[in-house]
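> This is the structure alone, sequence omitted:
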């Protein structure tokens with residue numbers, strides 16, 4: 001009986017070692033092959049990716065769509081209707097808000113002043129006030145250019 005227990009224990013130990021070796025061997029193979037085509041890891045990832053595809057969709061009438069073009073068309077239709085509704089709602093809320101807000105308006109005197117023609121003296125005063133060493137815009141022309 002004692003010999004049988006020893007043999008059973010040795011067999012269990014050998015089986016455990018073999019399982020551990022096979023696990024490490026499989027892990028080393030997966031790590032070593034990486035994502036090369038045909039590797040175990042790549043195959044596992046491929047099957048996982050396939051599960052993320054939409055294979056069918058039910059449209060508004062209740063019929064099932066299977067072709068990718070039909071599914072994409074139905075999704076485009078749904079989102080265009082969704083965003084069009086949001087756009088109309090947003091547009092209405094903007095108009096409602098603008099009606100409620102007290103807008104700043106110009107007085108008649110201010111409008112008349114803005115509509116007057118620009119006098120030559122005003123242009124000359126503006127040009128003479130420019131710094132002669134600095135360019136006022138993206139054209140890189142200095143105040144000295146405009147004053148001459």
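Great, that's in hand. As the structure is a computational prediction, the values presented were derived from the model and not from experiment.

> show me the contacts for residue 77.
For residue 77, the set of contacting residues under the criterion of CB atoms under 8 Å, 6 or more residues apart in numbering is empty. Where C-beta positions appear, they are placed from N, C-alpha and C, glycine not excepted.

> Could you list the low-confidence segments of the chain?
For the chain, the stretches flagged by pLDDT under 70 are 1-8, 11, 14-52, 86-88.

> switch to 90 and redo it
Low-confidence segments of the chain, defined by pLDDT under 90, are located at 1-107, 123-124, 126-148.

> how about the helices in it?
Listed in chain order, the helices of the chain (DSSP state H) span 2-33, 40-50, 68-100, 108-115, 120-128, 143-147.

> And the shortest one, what's buried?
Within helix 143-147, the residues that qualify as buried are residue 143, counting by 16 or more other CB atoms under 10 Å.

> mind giving me the domain split of the protein?
Each structural domain of the chain that the record assigns through automatic domain parsing is listed here as a residue range: 1-53, 54-103, 108-147.

> so how far is residue 13 from the closest residue to residue 146 other than its chain neighbours?
Spatial nearest neighbour of residue 146, excluding adjacent residues (CB to CB, 6 or more residues apart in numbering): residue 127 at 5.0 Å. From residue 127 across to residue 13, the span is 99 Å (CB to CB, to the nearest Å).

> This completes my enquiry, with thanks.
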